[in-house]
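Student: take this sequence and fold it.
(chains A and B)
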Amino acid sequence: MSIAPASDHAPALRSRDVADHTVPSGREESWRFTPLADITDAITGSTALDGGLDVEWTADPDAVVERVSAGDPRVGRSFLPADLLAARALDACAEPIVVTLPREWQGVARVSVRGRGEDAAGHVVIDAAPFSEGTVILDFTGAGRYFGALEVRVGDGARLTVVSLQDWDEGAVHVGEHHAAIGRDARLLMGHITLGGSLVRLAPTVSYGAPGGDAELLGLFFADAGQHLEHRVFVDHDTPHCRSSVLYKGALQGEGAHTVWIGDVLVRAQAIGVDTYEVNRNLILTDGARADSVPNLELETGEIVGAGHASATGRFDDEQLFYLQARGIPADLARVLVVRGFFADVLQRIGQPDLTRRVMRNVDARLGVDSMDLETWDEEHGA
Amino acid sequence: MTTLDIHDLHASVETDGGAREILRGVTLTVESGQTHAVMGPNGSGKSTLAYVIAGHPKYTVTGGSITLDGQDVLEMSVDERARAGLFLAMQYPVEIPGVSVSNFLRTSVTAVRGEAPKLRTWVKEMKGAMEALQIDPAFAERSVNEGFSGGEKKRHEILQLELLKPKIAVLDETDSGLDVDALKVVAEGVNRFQEDGTTGTLLITHYTRILRYIHPDFVHVFVDGRIVESGGPELATQLEDEGYERFLKAGASS
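Tutor: Predicted coordinates for the structure are as follows:
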């Protein structure tokens, strides 16, 4: 089974069949930023993706979280791999995880996936039944390389929040597409928090099956020396009267820290009445770090409510530092305040206090400050 | 009793054409209980004096000294100076997105006082100080200086002055861009800060207008990087009538 491309920005081909895909050269638009050498063996298949993962979950109230067989019909129902690595990963994944939020279910499910330092393939399906109102937190930690997709279906009238936290150990690799299919009048908030891992390349993609869908994509990433953190957003407005709002913010420090943000939004000819806006902001804290930011808005119809994009990458403002220091705040704490402040709106919109706290602890540690100094911040921001 | 002692201070700024000297031998002593007004035309270097006292990295001190009660201020980092008891109310306070006023104030007060204020008394203290400056309580949840009007920025500076209660306050053109009502509110804040006689104020201004509300004990005329004349309040009256003309000519011929 395969689907032909519809646009310049849509993936060239989607197919579950490994034989349908070719090995990328690295010159392709979609791969040109990625350090392919770190994953070439996984792409070509010279390394088997048969490593293990430790998976745990909780759900309150009970939602069905299960590990299913590779042939389960819910796997690959709304998602097909767009490249060879994704096809290999899906092919190699022996035990996909399926999270099912029942009709009108309200609650929170947490799934943690921990790498054991091996080369592993995974696949996660989140199936939010109509009129469910749930939050699913995916928490990726540990070591090794993880290749695999997230396949989200938001049923009609459902309201789903999915947050994927990439908090891998140094040296870890995580590559995968996070695809969401949004039903009629359904709302999805998809958050990406990428902190740890040497190479993380996520492709959040959204498509709408019916009018009234609303997607809010939020991201936060912090790259240190030697980290490559890449987020490639593609919102496919294929349906009338849907909305999308995209906001990703990144901080960078250290020699060779590299972030990539691609924001492709396609409004197809039939997608009248669409409202879309995408923003990427990057804050460079030191010399030697590099942020690539490429917003891309393609409109095939003018009959829309609104469409826009913005991208800005700036250096840490020494005048902010001076102002805070002139109020007695030591330089390291002042930097923490500025970076925390930079991320504040994304975290507030993601709205998960425990994750906010975890990000703040991470920011503090990277900037060399004891988190106990900043208790007030937590109180005010509900963490 | 506190003394800020500035002696023969020289400072320069790096430009494309090399180092340019802006302060050319400033000598000034501010003691607690005193209010000094430093007045001068645009480009005279009076704001540079304020920034050099606070330790802005843009300026290099090439000679002279600044001491606070005998301690060498020039050896201190910017934040050390603030914790030692120096305060600069800025002419153009910067925006800090995502950092709320209340968080900023509490972090700052904690740093300067050396311990975190108790949450309950702190909220009361902050609200009281905001009320005195006619600042809307909702202000506390806004990001520092983000989207503030000119008057709000200045009131926010004076709010910090009152909460941090430094030994010596340097006010850099705090009056500029304020309407009369805002000017009165800000001046009342400075007077409250100064009233118990334990603190000193160095008021830097271009105009005499603010001196109707804040009464200086000493007035200094600042031209071409140094103080060219000092006197009492009557000097301000004279400047109001005559402007800086006389001093500019004197500076040009020297």
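Student: from chain A, which residue is nearest to chain B?
Tutor: Relative to chain B, the nearest point of chain A is residue A:341 (2.9 Å; CB to the nearest CB). The way it works is simple: take the backbone N, C-alpha and C, and place the C-beta from them, glycine included.
Student: phi first, then psi, for that residue.
Tutor: phi -60, psi -40 (degrees, to the nearest 10).
Student: tell me, how many residues neighbour the closest residue to it other than its chain neighbours?
Tutor: Nearest residue to residue A:341, sequence neighbours excluded (CB to CB, 6 or more residues apart in numbering or on different chains): residue B:98, at 2.9 Å. Neighbour count of residue B:98, defined by other CB atoms under 10 Å in any protein chain shown: 22.
Student: tell me the secondary structure for residue B:98?
Tutor: strand (DSSP: H, G, I helix; E, B strand; the rest coil).
Student: now the end-to-end length of stretch A:235-244.
Tutor: 8 Å (CA to CA, to the nearest Å).
Student: the residue of chain B found nearest chain A: what's it in contact with?
Tutor: Nearest residue of chain B to chain A: residue B:98, at 2.9 Å (CB to the nearest CB). Counting by CB atoms under 8 Å, 6 or more residues apart in numbering or on different chains, residue B:98 makes contact with A:340-345, B:143.
Student: quick check: residues of chain A near chain B?
Tutor: A:317-320, A:322-331, A:333-334, A:337-338, A:340-345, A:374-377, A:379-380 (CB under 8 Å from any CB of the partner chain).
Student: buried ones from those residues, can you make that a ChimeraX selection?
Tutor: The buried subset of those, as determined by 16 or more other CB atoms under 10 Å in any protein chain shown, is captured in ChimeraX by this line:
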select /A:320,322,323,324,325,326,327,328,329,330,333,334,337,338,340,341,342,343,344,345,374,376,377
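Student: all helices of the stretch 51-200 of chain A, in order?
Tutor: A:84-92 (DSSP state H, counting those that start in this stretch).
Student: is residue A:54 in contact with residue A:144, as I believe?
Tutor: No. If you go by CB atoms under 8 Å, residue A:54 and residue A:144 don't touch, sitting 10.9 Å apart.
Student: between the two, tell me which one has more neighbours.
Tutor: The neighbour count for residue A:54 versus residue A:144, taken as other CB under 10 Å, is higher for residue A:144 (20 against 11).
Student: excluding chain neighbours, what is closest to that one?
Tutor: residue A:115 (3.9 Å).
Student: tell me the bridge partners for the one you found.
Tutor: Beta-bridge pairing for residue A:115 (DSSP bridges): residue A:53, residue A:142.
Student: from residue A:148, how far out is it?
Tutor: 11 Å (CB to CB, to the nearest Å).
Student: ok, now residue A:79?
Tutor: For residue A:79 relative to residue A:148 (CB to CB), the value is 11 Å.
Student: again, but for residue B:207
Tutor: Residue B:207 is 67 Å from residue A:148, by CB to CB.
Student: higher neighbour count, these two?
Tutor: Just comparing residue B:207 and residue A:148: by other CB under 10 Å the higher neighbour count belongs to residue A:148, 26 against 12.
Student: okay, now residue B:148: neighbour count?
Tutor: 18.
Student: residues contacting it?
Tutor: Residue B:148 sits in contact with B:95, B:142, B:156, where contact means CB under 8 Å, 6+ apart.
Student: who wins on neighbours among these?
Tutor: residue B:156 (23 neighbours).
Student: tell me which element that one falls in.
Tutor: helix B:150-164 (DSSP states H and E).
Student: what sits up against that helix?
Tutor: A:327-328, B:82, B:87, B:89-90, B:93, B:101, B:105, B:108-109, B:112, B:125-126, B:129-130, B:132-135, B:139, B:144-145, B:148, B:169, B:171, B:174, B:177-179, B:182, B:185-186, B:189-190, B:192-193.
Student: quick check: phi and psi on the nearest residue to residue B:40 once chain neighbours are set aside?
Tutor: In space, and not counting its chain neighbours, residue B:40 is closest to residue B:222: 3.4 Å by CB to CB, 6+ apart. Taking degrees, to the nearest 10, you get phi -110, psi 120 for the backbone angles of residue B:222.
Student: equivalent analysis for the one 5 residues further on, please.
Tutor: Per-residue torsions, residue B:227: phi -80, psi 120 (degrees, to the nearest 10).
Student: so what's the nearest residue to it once chain neighbours are set aside bridging to?
Tutor: Ranked by CB to CB, 6+ apart and with sequence neighbours excluded, the top spatial neighbour of residue B:227 is residue B:220, at 4.6 Å. In this entry, residue B:220 is beta-bridged to residue B:38, residue B:230, by DSSP bridges.
Student: count the residues that sit near residue 143.
Tutor: Using chain A here. 17.
Student: should've been chain B
Tutor: Other residues close to residue B:143 by other CB under 10 Å number 19.
Student: do the same with residue A:60
Tutor: 9.
Student: low pLDDT regions in chain A?
Tutor: Applying pLDDT under 70 to chain A flags residues A:1-12, A:372-383.
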